[in-house]
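quick one: sequence plus predicted model below, questions after.
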Amino acid sequence: MMKTVKKAIIPAAGFGTRNLPITKVLPKEMFPIAGKPAIQYIIEEAIESGIEEILIVVSRNKNMILDYFDRSLEYEAFLEKTGKQHLLNKIVGPAISIQYVRQPFADGLGTAILLGKRFASKDPFAVLLPDDIFLQSGQPALRELLDVYENYQSTVIALEKLNEKLLKNYGVVKAIDLQDNTYEISDIVEKPRSTPPSNLAVSGRYIFEPSIFSYLEKGGKGVGGEVQLTDAIQKLLKLEKCYGVEVSAKRYDIGTDKGYLNLIQKLMSNSKKEDE
């Protein structure tokens, strides 16, 4: 029986050290982008891809995310009272089930995903990293992964070809080119300092079988003294098939000033063209 993916985990508990000092008080997931917080773009991508349930992993200082997706009866009443009902659709939350779990302390992406074990249960699930926002002209980036998952029924990872100088900042895969920007992955290395296995970097979107949790539980501390998702994927590769998709959507890393500013400029440019 073919399995479909209807659940997604968004790890949003990190300290955001790349964006200091503003992340001392403002979570990077709440950075404003054309009037919406960054995490709303992630939620919208998930919804457009067919996801029906989302778990957001937060830390103690990320209550702003919960508040944003909660209803504000006072705000709704104010808009009604002042005759601005046309703005109500801007503050109504997304039509999707959103749950939350707290990560008590920063211990790596692997630990954050492991907190979603009960949520995922025995179902396959997606992972969307909120640092990476994709702008697509066609279907969403996650939908591209889901299409491949429905074909192979196995782990799928989003990939992007990068300049060799940038590969030291990413997980990098060794893979065989299959067809239509799809690869079969045979190895993965976290932030290689030299001789990366290819120029294909992992880029913030994943589809996992629930078996990933057993690999995460068996793993120890990796690069940076944290539980690395990459280490669990390495273990998975010894026993299971894993595929990669070079997604067509353009990725913007809002964890960097350049990525954040480029994204805003792109959206402003698109808006200007629509107005002309």
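Ah, there it is.

so where's the longest helix in this protein?
Longest helix of the chain, by residue count under DSSP state H: helix 257-275.

which other helices and strands contact it?
Judged by 3 or more Cβ pairs under 8 Å, 6 or more residues apart in numbering; DSSP states H and E, the packing partners of helix 257-275 are strand 32-33, strand 132-135, strand 250-253. (Glycine included, C-beta is placed from N, CA and C.)

show me how far it is from its chain's centre.
Remark: helix 257-275 is offset 20 Å from the chain centroid, using Cα atoms, centre = their mean, to the nearest Å.

please apply the same query to stretch 61-70.
Per Cα atoms, centre = their mean, the centroid offset for stretch 61-70 relative to its chain is 18 Å.

go through that stretch and flag the buried ones.
Of the residues in stretch 61-70, 62, 65, 68-69 count as buried by neighbour count, 16 or more other Cβ atoms under 10 Å.

ok, stretch 240-252 next?
Within stretch 240-252, the residues that count as buried by 16+ other Cβ under 10 Å are 242-247, 249, 251-252.

so residue 213 is in contact with residue 115, correct?
No: in this structure, residue 213 is not within contact of residue 115 by Cβ atoms under 8 Å, at 10.1 Å.

returning to that earlier point: mean pLDDT for the helices and strands packed on helix 257-275 - can I get that in TSV?
Formatted as TSV, the helices and strands packed on helix 257-275 follow (pLDDT from 0 to 100):
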stretch	mean pLDDT
strand 32-33	93
strand 132-135	94
strand 250-253	94
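
which of the ones you listed sits most buried?
strand 132-135 (a mean of 22; mean count of other Cβ atoms under 10 Å).

give me the pLDDT value at the nearest residue to residue 37 once chain neighbours are set aside.
Nearest non-adjacent residue to residue 37, counting by Cβ to Cβ, 6 or more residues apart in numbering: residue 30, 4.4 Å away. Looking at residue 30, its pLDDT reads 94.

one more: the one 10 residues further on?
You'll see residue 40 listed with a pLDDT of 95.

residues contacting the helix or strand hosting it, please?
In this structure, residue 40 sits in helix 38-48 according to DSSP states H and E. Under the contact criterion Cβ atoms under 8 Å, 6 or more residues apart in numbering, helix 38-48 has outside partners 8, 10, 12, 28-31, 33, 54, 56, 65, 68-69, 94-96, 98, 126, 128, 130, 133-134, 139-143, 254.

ok, now stretch 260-274?
Contacts for stretch 260-274 (Cβ under 8 Å, 6+ apart): 31, 33-34, 133, 135, 250, 252, 254.

let's see 7 Å
Contacts to stretch 260-274, defined as Cβ atoms under 7 Å, 6 or more residues apart in numbering, come from residues 31, 33-34, 133, 135, 252, 254.

check the residues you listed and tell me the two furthest apart.
31 and 135 (15.4 Å; Cβ to Cβ).

can you map out the strands along this protein?
7-12, 32-33, 36-37, 53-58, 97-102, 125-128, 132-135, 155-161, 171-179, 182-190, 200-208, 242-246, 250-253 (DSSP state E).
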